[in-house]
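Trainee: Give me a model of this one.
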Amino acid sequence: MPKSIQHKINYSYQFTICTLVTNLTEYMEMVNSFIDGGFTESICEYIYVDNTKGNSYDAYSGFNNCLHQAQGKYIIFCHQDVLLKHHNYQTLHLRIQQMDAIDPQWAILANAGSVNLKYKITHVTMGDGKEQLEQDLPLKIQSIDENFFLVKSSANLSFSSDLKGFHMYGTDLVFIANILGYTAWAIDFNLIHKSPGKVDQSFYFAKSAFIKKYSKAYKNRFIRTTITSLYVSGISAFNKLGNTKLVLFLARTWYKLSTKKQDYLGKA
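Mentor: Next comes the predicted model:
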């Protein structure tokens, strides 16, 4: 029997907490610190990507599975080497309420990231006890650090399927959210991150793949729908020029002379 969609979704949990795990002992230390901080199993589900016997999943594919399987209203992604000490469930719940009032279009909250090329935001206590605390929060950000971030389930986000590895996936998710009309924010949620992270050759490979993917995704382009033709660019002057009748006519002529439909056929 057909039925209309429901305006309110009933979630099984308040939070889903998802982690890539290579060390179960360290992971359980993290889980217990969250439970002690009020993220009890009555209101939270804990799911993890099991990489204890090798990399069964990378971050993109593993966390996409988490997004699809999570039953929480909010999904927390965090490293196995973080510990709750300074803030707790009530703190995070309050931060979410504050962000709902400030910007209902938020989709991602994090404790570290960057506003732009000048301002890097860090709100974390390191494993040696050194605090790196940002005074001006919340701040809208363009990238996030993956040690801890939270995603609103109703935003229906997804990590890229054409990127791989264990780096840049947080920033990839911010890009996806921005394209869909959502925002990301750094908030006042301080926890202990035991390790500073590692930059190796795999990081630079992931960075290059990220640049290549979004250079293609954000490229200037002419588009034809069944009703109209248009030009899209990230530069406003190009948008104005590209959508003039003369330029659209010249572009259609160029496509007519230089391409054929067979170039776009799927091939087995």
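
Trainee: Which residue of this protein lies farthest from its centroid?
Mentor: In terms of distance from the mean C-alpha position of the chain, residue 257 ranks first, at 40.9 Å (C-alpha atoms, centre = their mean).

Trainee: Check the secondary structure at that residue for me.
Mentor: Judged by DSSP: H, G, I helix; E, B strand; the rest coil, the three-state class of residue 257 is helix.

Trainee: Please shift the residue numbers so they start at 4 in all later answers.
Mentor: With the count now opening at 4, the last piece we talked about shows up as residue 260.

Trainee: Could I get the pLDDT score of it?
Mentor: For residue 260, the model assigns a pLDDT of 86.

Trainee: ok, now residue 137?
Mentor: Confidence score, pLDDT, at residue 137: 87.

Trainee: Provide a list of residues in contact with it.
Mentor: By C-beta atoms under 8 Å, 6 or more residues apart in numbering, residue 137 lies in contact with 124-126, 189, 191. C-beta: built from backbone N, CA, C; applies to glycine.

Trainee: Among those residues, which ones are in strands?
Mentor: Among the contacts of residue 137, the residues falling in strands (DSSP state E) are 124-125, 189.

Trainee: just the buried members of these?
Mentor: Burial by neighbour count, 16 or more other C-beta atoms under 10 Å: within the ones in strands among the contacts of residue 137 this picks out 124-125, 189.

Trainee: in this structure, which residue is closest to the centre?
Mentor: By C-alpha atoms, centre = their mean, the mean C-alpha position of the chain lies nearest to residue 176, the distance being 2.4 Å.

Trainee: tell me which residues in stretch 25-36 are buried?
Mentor: Along stretch 25-36, these residues count as buried under the neighbour rule (16+ other C-beta under 10 Å): 25, 29-30, 33-34, 36.

Trainee: cool, and stretch 232-247?
Mentor: Going by 16+ other C-beta under 10 Å, stretch 232-247 has these buried residues: 234, 236, 245.

Trainee: Could you do stretch 131-147 as well?
Mentor: The neighbour-count check on stretch 131-147 (16+ other C-beta under 10 Å) flags 137, 140-142, 144-147 as buried.

Trainee: Put together JSON lines for those residues, with distance to residue 56 and secondary structure on each row.
Mentor: Putting the buried residues of stretch 131-147 into JSON lines (distance: C-beta to C-beta, whole Å; DSSP: H, G, I helix; E, B strand; the rest coil) gives the following:
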{"residue": "137", "distance to residue 56": "38", "secondary structure": "coil"}
{"residue": "140", "distance to residue 56": "39", "secondary structure": "coil"}
{"residue": "141", "distance to residue 56": "39", "secondary structure": "coil"}
{"residue": "142", "distance to residue 56": "40", "secondary structure": "strand"}
{"residue": "144", "distance to residue 56": "35", "secondary structure": "coil"}
{"residue": "145", "distance to residue 56": "36", "secondary structure": "coil"}
{"residue": "146", "distance to residue 56": "32", "secondary structure": "strand"}
{"residue": "147", "distance to residue 56": "29", "secondary structure": "strand"}
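
Trainee: so which one among these has the lowest pLDDT?
Mentor: Ranked by pLDDT, those bottom out at residue 137, which scores 87.

Trainee: farthest pair in the buried residues of stretch 25-36?
Mentor: Between all members of the buried residues of stretch 25-36, the longest pairwise span (C-beta to C-beta) is found for 25 and 36 and amounts to 17.9 Å.

Trainee: any idea which strand is longest in this structure?
Mentor: For the chain, the longest strand by residue count, based on DSSP E, is strand 16-24.

Trainee: Please consider this matter closed, and thank you.
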